[in-house]
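J.: Take this sequence and fold it.
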Amino acid sequence: QVQLVESGGGLVQPGGSLRLSCAASGSIFSINAMGWYRQAPGKERELVAAISSGGSTNYADSVKGRYTISRDNAKNTVYLQMNSLKPEDTAVYYCNADIKRYGDSLPRPCWGKGTLVTVSS
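T.: Numbering: from 1, shown residues only. From the prediction side, this is the model:
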């Protein structure tokens, strides 16, 4: 069994910052790419940022220059630093990771339960 647990969401004013964390735990052999998605009310889930096991990153155009994704492989943890937040960043943020468990032949995508980020004055 593998779990992804997000933390760090909350209410922040426009222009403010938040840092999300997501820790993977369980029977983990290896983790490939990790990432953050978000889903706003009435909208589809979208990729926000992703990071490879080697540290290569990519971002949605809407967050480039404001968000930074990073990971600590020793802790099986991925972070999302969010700066200059806007009301349109309001969404549930989900952690995603491609995880190969002990005994698996291939990695599989795993999801956290999400953490709510609300940007409002």
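J.: Tell me which residue of the chain is positioned farthest from its centroid.
T.: Distance from the centre of the chain peaks at residue 103, with 25.8 Å (C-alpha atoms, centre = their mean).
J.: Tell me who's in contact with that one.
T.: residue 27 (C-beta atoms under 8 Å, 6 or more residues apart in numbering). Any C-beta I mention is one placed from the backbone N, CA and C, and that applies to glycine too.
J.: Provide the backbone phi and psi angles at it.
T.: phi 100, psi -20 (degrees, to the nearest 10).
J.: per-residue confidence at it?
T.: Looking at residue 103, its pLDDT stands at 92.
J.: Distance of it relative to residue 12?
T.: To residue 12, residue 103 is 41 Å away according to C-beta to C-beta, to the nearest Å.
J.: Quick check, pLDDT for the spatially most central residue of the chain.
T.: In the chain, the centroid-proximal residue (C-alpha atoms, centre = their mean) is residue 36; its distance is 2.7 Å. Looking at residue 36, its pLDDT is 98.
J.: Would you tell me what helix or strand it is located in?
T.: Per DSSP states H and E, residue 36 falls inside strand 28-39.
J.: which of the residues in that strand are buried?
T.: Of the residues in strand 28-39, 28, 31, 33, 34, 35, 36, 37, 38 count as buried by neighbour count, 16 or more other C-beta atoms under 10 Å.
J.: Of those, just say which sits nearest to residue 4.
T.: The closest of those to residue 4 turns out to be residue 34 (C-beta to C-beta; 9.1 Å).
J.: got the contact list for the closest one?
T.: Going by C-beta under 8 Å, 6+ apart, residue 34 touches 22, 50, 51, 69, 71, 78, 95, 96, 97, 98.
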